[in-house]
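here's my sequence, what's the structure:
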Amino acid sequence: MYLKEVTILQDRFPARGGYPFSVPALRATERLRFDAPVTFFVGENGSGKSTLLEAIAWQCGFHTGGGGINQAYELESSEAAFGPYIRLSWLPKVRSGFFLRAESFFDFASHLDREVREQPQYREQIYASYGGKSLHEQSHGESFLSLFRSRFGKQAIYLLDEPEAALSPARQLNLLSILHGMRSSAQFVIATHSPILLGFPDARIYSFDEAPIAGIAYEDTPHYQLTRRFLENRKAVFRDLFGDD
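A predicted model of the protein is given here:
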């Protein structure tokens with residue numbers, strides 16, 4: 001592991017703190033420790049998990065719209081409001097890695113295509129890390145996996161914000177295989193709602209539904225429990241959901 005700890009600098013929060021400074025999990029948490037190659041952030045929408053992941057990316061120097069240190073392109077709402085309010089502790093510090101945001105992946109793919117149009121002589125080098133061709137020429141799921149297989153390397157940190165958004169269950173298992181193959185040389189911090197991804201062996205799971213943020217066992221996550229209940233007796237779930245007798 002490279003990233004050892006995140007400290008939330010609550011004493012620097014603005015006096016009139018709106019979102020994200022009003023999020024209970026962020027207001028009540030002083031620090032998070034990272035002691036596993038794969039760490040998951042889980043919680044309901046608005047719980048702060050993506051906000052903290054984006055802040056980590058900002059502190060790492062990654063483009064907060066998605067990308068690595070060397071990416072520079074315009075993207076609306078790509079600032080990280082929470083970025084200046086955390087401190088990262090490393091051992092050792094790494095400078096390589098990537099931040100994936102599922103919601104802005106289209107913009108990142110378009111950025112790569114613009115680079116190729118502006119520098120056609122470097123087409124092969126630019127696309128080499130992304131499956132050898134434009135990400136727009138691949139399906140959403142294929143482009144995600146091309147990024148994972150080709151761009152991810154050793155001695156780096158990878159921050160993934162809801163990567164399951166474009167992945168079928170089978171491709172989520174492909175991603176788990178990639179994580180497993182890299183677990184001894186790379187570190188992953190992943191915000192997710194996927195019960196499949198959360199099942200990765202020996203991962204650390206932090207629940208943002210708690211204040212302060214707390215570690216949680218896989219089987220205790222609402223994602224696992226709700227999915228299990230649905231698969232075991234979906235008729236009962238529908239009765240509760242629809243109010244049918």
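
strands of the protein, start to end?
In the chain, the strands defined using DSSP state E lie at 3-8, 31-33, 38-42, 86-90, 97-101, 156-161, 186-191, 204-207, 214-215.

wait, which of these is closest to R234?
For R234, the closest of these is strand 38-42, at 22.5 Å, according to Cβ to Cβ. For glycine as for every other residue, the C-beta is placed from the backbone atoms N, C-alpha and C.

flag the shaky bits of the protein, pLDDT-wise.
Residues of the chain meeting the criterion pLDDT under 70: 70-79, 102-109, 111-112, 126, 128-131, 135, 138-140, 151, 245.

mind redoing it with 80?
For the chain, the stretches with pLDDT under 80 are 1, 16-17, 65-79, 95, 102-116, 118-119, 121-144, 146-154, 166, 244-245.

tell me which of the strands of the chain lies nearest to K235.
Of all these, strand 38-42 sits nearest to K235, with 27.1 Å by Cβ to Cβ.

if I look at the spatially closest residue to R123 that is not a sequence neighbour, how far off is F144?
Closest residue in space to R123, ignoring its immediate chain neighbours: V116 at 5.0 Å, by Cβ to Cβ, 6 or more residues apart in numbering. According to Cβ to Cβ, to the nearest Å, V116 and F144 sit 19 Å apart.

of these two, who's got more company?
More neighbours surround F144 than the other of V116 and F144, with 24 against 17 (other Cβ atoms under 10 Å).

so how far is A165 from that one?
Using Cβ to Cβ, one gets 8 Å for the distance from F144 to A165.

before we move on, what about E54?
Per Cβ to Cβ, E54 is found 15 Å from A165.

the two: who's more crowded?
Applying other Cβ under 10 Å to E54 and A165 shows that E54 carries more neighbours, namely 25 against 17.

ok, the more buried one - contacts?
The contact partners of E54, by Cβ atoms under 8 Å, 6 or more residues apart in numbering, come to 64, 80, 82-83, 99, 101, 161.

one more: T192?
With contact taken as Cβ under 8 Å, 6+ apart, T192 is in contact with 40-42, 160, 162-164, 198.
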